[in-house]
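K.L.:
build me a structure from this.
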Amino acid sequence: MALEMDHDCPKCGEEATFYRSASTALHLGEKTKWRCTECGYGFIKINGIDSSVA
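P.N.:
Okay, the predicted model is just below:
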């Protein structure tokens with residue numbers, strides 16, 4: 001998995017670069033934590049499901 005990705009940041013109001021701050025294996029799949037390099041906003045993805053999407 002990549003260490004960085006481009007993603008929409010709700011705090012910055014535009015697309016920003018996010019870095020992978022943590023990763024672990026769960027029974028649901030891989031859990032990864034991502035942080036915005038600009039403002040520090042974070043979100044979690046578990047097995048491809050994004051917590052930043054409402």
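
K.L.:
for the residue nearest to the spatial centre of the chain, what are its contacts?
P.N.:
By CA atoms, centre = their mean, the chain has its centre lying nearest to Trp34, at 3.1 Å. If you count contacts by CB atoms under 8 Å, 6 or more residues apart in numbering, Trp34 has them with 5, 7, 18-21, 42-45. For glycine as for every other residue, the C-beta is placed from the backbone atoms N, C-alpha and C.

K.L.:
max-length strand in the protein?
P.N.:
Ranked by number of residues, the top strand in the chain under DSSP state E is strand 14-26.

K.L.:
what's next to it, contact-wise?
P.N.:
Under CB under 8 Å, 6+ apart, the answer for strand 14-26 is 1-9, 30-39, 42, 46.

K.L.:
sheet partners, orientation included, of it?
P.N.:
strand 4-9 (antiparallel), strand 29-36 (antiparallel) (DSSP bridges).
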